[in-house]
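S.K.: Provide a 3D model corresponding to the input given below.
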Amino acid sequence: MVRTPIIALTMGDPAGVGPEILLSLLERPEVYDVCHPVVVGSGTVLNLRAELLKRTNPCSPIQDPTQRPPRPGRAGLIDLENIRPDAYSPGEVSADAGRASVEYLLAAIDFALGGQVDAIVTGPINKEAIHLGGYRYAGHTEILAEKTGAPEVGMMLMGGPIRVVLVTTHLSLRQVPQALSTGAIFQKIRLAHRAMQDLGFASPRIAVAGLNPHAGEGGLFGDEEQRLIAPAVEQARQAGLGVSGPLPPDTVFHQAYHGAYEVVVCMYHDQGLIPLKMIAFDRGVNVTLGLPIIRTSVDHGTAYDLAGSGKANDRSLYEALLVAIQLVEQRRKRPG
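M.R.: Next comes the predicted model:
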């Protein structure tokens, strides 16, 4: 008998929408049909947010993630008890909340590396808050890479029929051309190939977007396609990957949307995120590639302006949970 996946759900920033989208997610009865959810967070924060929103907190404290809650329809809670109620306010940047949010993630990583959970689904954290809390990371990805020892990581975002892998992430447009290299592009193509196989595509079709209008138009509008991107595509072909490109960015997403490609490798952040969020704004999922563990996340931030209002949408968190379960199931099918 196959064990129900144990999924660690990190609460994210206590001052953001993380606690309330967790409460909303855990009110869905279908969640308990497909996994054993374990929240890594603060019971006090969840209780206070539930009280504020006039909802119930469906979490029961447990000692370790493999322990089942006392009755069906309740999630397990690993309560770190790491933040006082007077140390933060919903909707405000807080050093204590930033520190606590990183501690939830670090605990979940330890559970995943130790085999106590099958995957991690993370709530949103805030870069300013975690810096104020004493952690000098750009975000989740950098923490995950360091703590798991992963030599190559990447960011894939998916929603509806669109999946994108980013070669560069949070850089100004002026910095992007200098940050590109044939090696970096090939690395992301390879990560995209593995990610699609993890999702069940035996022979994935990968599109690689150009950087410039019309993919450079033979060098008229820039030479990055000829100098950097095309050699990476050729290297990937020589490695046996099903890759096409560099393709004009203004048409490649239309082709992917209609099923020509499983994933598009993009040169910079907004190139991939604009089309994705156009069609899947409230249901996008962030998947970290290259880790020895499975991690998915919401594709939005802490949304301090919505914290405590009850208006935050849990759809992205729900989709992230489903993708995590899909990855667990595909990993279990692998030989050996």
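
S.K.: what are the ranges of the helices in the stretch 101-250 of the chain?
M.R.: 127-132, 140-148, 176-179, 182-198, 224, 230-238, 249-257 (DSSP state H, counting those that start in this stretch).

S.K.: which residue packs closest to His36, ignoring adjacent ones?
M.R.: In this structure, His36 finds its nearest non-sequential neighbour in Ile6, 4.7 Å apart by Cβ to Cβ, 6 or more residues apart in numbering. Bear in mind the C-beta positions are built from the backbone N, C-alpha and C, glycine included.

S.K.: just Ala100 next, same as before
M.R.: Ile83 is the one closest to Ala100 (Cβ to Cβ, 6+ apart), at 4.3 Å.

S.K.: Look up how far Leu132 lies from that neighbour.
M.R.: Taking Cβ to Cβ, to the nearest Å as the measure, Ile83 falls 13 Å from Leu132.

S.K.: Quickly note the distance from the most far-flung residue of the chain relative to its centre to Gln226.
M.R.: Centroid-distance maximum for the chain: Leu220 at 36.7 Å, with Cα atoms, centre = their mean. Per Cβ to Cβ, Leu220 is found 11 Å from Gln226.

S.K.: tell me how far the helix or strand encompassing Ser60 is from the chain's mean position?
M.R.: Per DSSP states H and E: Ser60 is located in strand 59-61. Relative to its chain's centre, strand 59-61 lies at 25 Å (Cα atoms, centre = their mean, to the nearest Å).

S.K.: got it, and stretch 77-96?
M.R.: That offset, for stretch 77-96, works out to 23 Å (Cα atoms, centre = their mean).

S.K.: Could you pull out the buried residues of it?
M.R.: 77-80, 82-83, 88, 90-91, 93-96 (16 or more other Cβ atoms under 10 Å).

S.K.: and what of stretch 248-263?
M.R.: Neighbour count says stretch 248-263 has Pro248, Pro249, Val252, Phe253, Gln255, Ala256, Tyr257, Tyr261, Glu262, Val263 buried, by 16+ other Cβ under 10 Å.

S.K.: Can you add pLDDT and distance to Leu276 and give the residues you listed back as a markdown table?
M.R.: Output for these, formatted as a markdown table (pLDDT from 0 to 100; distance: Cβ to Cβ, whole Å):
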| residue | pLDDT | distance to Leu276 |
| --- | --- | --- |
| Pro248 | 97 | 18 |
| Pro249 | 96 | 13 |
| Val252 | 98 | 13 |
| Phe253 | 97 | 8 |
| Gln255 | 97 | 15 |
| Ala256 | 97 | 10 |
| Tyr257 | 97 | 10 |
| Tyr261 | 98 | 14 |
| Glu262 | 98 | 14 |
| Val263 | 98 | 11 |
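
S.K.: farthest-separated two in the residues you listed?
M.R.: Pro248 and Glu262 (18.7 Å; Cβ to Cβ).

S.K.: pLDDT weak spots in the chain?
M.R.: Within the chain, the stretches with pLDDT under 70 are 1-2, 335-336.

S.K.: One more pass at 50, please.
M.R.: Scanning the chain for pLDDT under 50 picks out no residues.

S.K.: that older thread, contact partners for the residue nearest to Ala100?
M.R.: Pro14, Ser42, Thr44, Val45, Asp96, Ala97, Arg99, Ala100 (Cβ atoms under 8 Å, 6 or more residues apart in numbering).

S.K.: now Gly284
M.R.: Leu157, Met158, Gly159, Leu276, Lys277, Val298, Asp299, His300, Ser316, Glu319.

S.K.: Scan these and report the most crowded one.
M.R.: Val298 (29 neighbours; other Cβ atoms under 10 Å).

S.K.: Ramachandran angles for that residue?
M.R.: phi -60, psi 150 (degrees, to the nearest 10).

S.K.: separation between it and Leu273?
M.R.: 14 Å.

S.K.: cool, Lys188 as well?
M.R.: Taking Cβ to Cβ, one finds Lys188 at 15 Å from Leu273.

S.K.: In terms of neighbours, single out the busier of these two.
M.R.: Set Lys188 next to Leu273 and count neighbours by other Cβ under 10 Å: Lys188 wins out with 27 against 17.

S.K.: hang on, Pro249 packs against Gln271?
M.R.: Yes. Pro249 lies in contact with Gln271 (Cβ atoms under 8 Å); the separation is 5.9 Å.

S.K.: what do the two both touch?
M.R.: Ala209.

S.K.: What are the boundaries of the strands in the protein?
M.R.: Taking DSSP state E, the strands of the chain run over residues 6-10, 36-41, 59-61, 75-79, 119-122, 154-159, 162-166, 206-209, 243-247, 263-266, 285-289, 295-298.
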